[in-house]
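**Student:** requesting a structural model of the entry that follows:
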Amino acid sequence: MPGRRDRSTSGAARRGGAIGASGQDVVRLITDYLKQETVGPLRGAARFVAFGVVGSLAISGGAVLLLIALLRLLQGETGDAFGGDRSWLPYLITAVAALAVLALSVWRVASGAGRRRASVPSTRNTKEP
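**Tutor:** A predicted model of the protein is given here:
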């Protein structure tokens, strides 16, 4: 009859099945937790790195185009100011501008948010006397 318990199985066997199911639940819970705590943050970090790489490539490409534009501007729009034996000056000016952009970038990276966070003393885990 449906709905009636089978009396042929002992109570120990029924408990063993419940323990086995409980063990499977624990294993599933642990694997789900590990996935949540490892795969999720790794995906976030990968996304952060991907956007950083794409952004840095875009900024680098833009800087190169601006430097080429500066060179062409100095060569074409200054008339005879950089003519003759001074024709190398636009290249020097562009190289100095490129070094200035590079120095500014290195300075901003070196004194960025990571360094500011490291210099601020943490108020966590402090015990009052």
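
**Student:** helices along the protein, start to end?
**Tutor:** Here the chain has its helices, by DSSP state H, at 11-76, 89-110, 113-119.

**Student:** which one of these lies nearest to F82?
**Tutor:** helix 89-110 (5.0 Å; C-beta to C-beta). From N, CA and C alone the C-beta is placed, and that goes for glycine too.

**Student:** need the helices of the chain in JSON lines with distance to G83, mean pLDDT and mean neighbour count, can you?
**Tutor:** Conversion of these to JSON lines gives the following (distance: least, C-beta to C-beta, whole Å; pLDDT from 0 to 100; neighbours: other C-beta atoms under 10 Å):
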{"stretch": "helix 11-76", "distance to G83": "10", "mean pLDDT": "86", "mean neighbour count": "11"}
{"stretch": "helix 89-110", "distance to G83": "10", "mean pLDDT": "95", "mean neighbour count": "12"}
{"stretch": "helix 113-119", "distance to G83": "47", "mean pLDDT": "74", "mean neighbour count": "9"}
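
**Student:** what sits up against stretch 95-103?
**Tutor:** Residues external to stretch 95-103 that are found in contact with it (C-beta atoms under 8 Å, 6 or more residues apart in numbering): 63, 67, 70.
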